[in-house]
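# Pasted the sequence and its predicted model underneath.
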Amino acid sequence: MRPLSPEQLLLIADEFCEFHRCQVRSFSALVAAAAVPGARLDGVWVHASVSAAAAALQEAVSQLRPLDRHNAEFGALCREVYLHWAT
């Protein structure tokens, strides 16, 4: 598994927002969502697989709502991008 940096997620958000004409509502929510797929406890990965980490990222984006709108769509995109990048 590969961790996702806040800067990487911000790049994804910037492209998404430009296309969908929305904006980042909460940078702290974006940073929190970025931490989800690479989360570890005592050095052990929290997620059992890349697909589980991607699904958790999608859920985090949907729940934290870092954008002013289209968060469900953004979460789905983040999941797909992470799956492509981490495998």
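Received it, and whenever you're ready, just let me know what you need. Residues are numbered from 1 along each chain as shown.

# Pull the contacting residues for Val31.
6, 9 (Cβ atoms under 8 Å, 6 or more residues apart in numbering). All C-beta spots, glycine's among them, are computed from the backbone N, C-alpha and C.

# Could you check how far it is from Gln8?
According to Cβ to Cβ, to the nearest Å, Val31 and Gln8 sit 11 Å apart.

# anything in contact with each of the two?
Residues touching both Val31 and Gln8 do not exist when contact is defined as Cβ under 8 Å, 6+ apart.

# OK, contacts around Leu9?
Applying Cβ under 8 Å, 6+ apart, one finds that Leu9 lies in contact with 30-31, 33-34, 78.

# Give me the buried subset of those residues.
By the neighbour-count criterion of 16 or more other Cβ atoms under 10 Å, the contacts of Leu9 include these buried positions: 30-31, 33-34, 78.

# from those, which is closest to Phe16?
Of all those, Cys78 has the smallest distance to Phe16: 8.6 Å, by Cβ to Cβ.

# On the three-state scheme, the closest one is what?
Reducing the assignment to helix, strand or coil with DSSP: H, G, I helix; E, B strand; the rest coil, the entry for Cys78 is helix.

# Quick check: it touching Ala55?
No: between Cys78 and Ala55 no contact is recorded; they are 10.5 Å apart, counting by Cβ atoms under 8 Å.

# Would you mind measuring from the residue lying farthest from the centre of the chain to Ala35?
The outermost residue of the chain, judged by C-alpha distance from the chain's mean C-alpha position using Cα atoms, centre = their mean, is Asp42 at 22.1 Å. Computed as Cβ to Cβ, the Asp42 to Ala35 distance reads 16 Å.

# next one: His70
Separation of His70 from Ala35 (Cβ to Cβ) stands at 21 Å.

# residue ranges of the strands in the chain, please?
Secondary structure of the chain by DSSP state E: the strands cover 40-41, 44-45.

# can you redo those strands as TSV with mean pLDDT, mean neighbour count and distance to Ser26?
Output for the strands of the chain, formatted as TSV (pLDDT from 0 to 100; neighbours: other Cβ atoms under 10 Å; distance: least, Cβ to Cβ, whole Å):
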stretch	mean pLDDT	mean neighbour count	distance to Ser26
strand 40-41	97	9	24
strand 44-45	97	11	26
